[in-house]
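*Asks:* Pasting the sequence and the predicted model now:
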Amino acid sequence: MSAVGLCSALAALISSFTDKGDDEFGCTSTTGKTKDGGVPFTNIMCSREVATCSFMGPLFDQAGKIPKVNRWAISIACNEAIVVKWLQLVLMFIAALVIAMFAAQAGVRRKTRSPASKGL
């Protein structure tokens, strides 16, 4: 379980630095049409940090107001996204520590449970 946590934290940290799109915000845009009416739409895909810090802030300032969203909430969401990105390092360290503790305990157990340690 710790190895999975370590790998997922590493993947999240790497994707936060490499997942940059080609538009002015750093997002990737895809355009399509709805199935029934053929109404065009655009999907904008961003990482957490890019979406909250680089996309929602300027979008809020351009539009003047987003329904049911205050400007202070966007700032807090940006700070949280940055904190989560750097907490991935803490998660990786803890996962590596747990793996090392299990390995050390397995080594001690192997030495104390072997027939040679009992004088046989």
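*Replies:* Thanks, I have it. Numbers count the residues shown, from 1 in each chain.
*Asks:* for Thr30, phi and psi?
*Replies:* Backbone dihedrals for Thr30, given as degrees, to the nearest 10, come out at phi -130, psi 140.
*Asks:* Skip the chain neighbours and tell me the closest residue to it.
*Replies:* Asn43 (4.8 Å; CB to CB, 6 or more residues apart in numbering). (Glycine included, C-beta is placed from N, CA and C.)
*Asks:* wait, is that neighbour part of a helix?
*Replies:* No: looking at Asn43 with DSSP: H, G, I helix; E, B strand; the rest coil, it is strand, so not inside a helix.
*Asks:* so what's it up against?
*Replies:* Listed by CB atoms under 8 Å, 6 or more residues apart in numbering, the contact partners of Asn43 are 29-32.
*Asks:* And the helix ranked longest in the chain, what does it pack against?
*Replies:* When the chain is parsed with DSSP state H, its longest helix is helix 71-113. Helix 71-113 is packed against helix 2-18, helix 48-49, helix 57-63, with contacts defined by 3 or more CB pairs under 8 Å, 6 or more residues apart in numbering; DSSP states H and E.
*Asks:* Now distance to Pro115, mean neighbour count and mean pLDDT too, for the ones you listed, in CSV please.
*Replies:* Output for these, formatted as CSV (distance: least, CB to CB, whole Å; neighbours: other CB atoms under 10 Å; pLDDT from 0 to 100):
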stretch, distance to Pro115, mean neighbour count, mean pLDDT
helix 2-18, 31, 14, 74
helix 48-49, 54, 19, 78
helix 57-63, 67, 13, 73
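*Asks:* Indicate which one of these is closest to Ile99.
*Replies:* Closest of those to Ile99 is helix 2-18, at 5.0 Å (criterion: CB to CB).
*Asks:* In terms of secondary structure, what does that closest one contact?
*Replies:* helix 71-113.
*Asks:* pLDDT averaged over the helix it packs on - what is it?
*Replies:* Here helix 71-113 scores 86 as its mean pLDDT.
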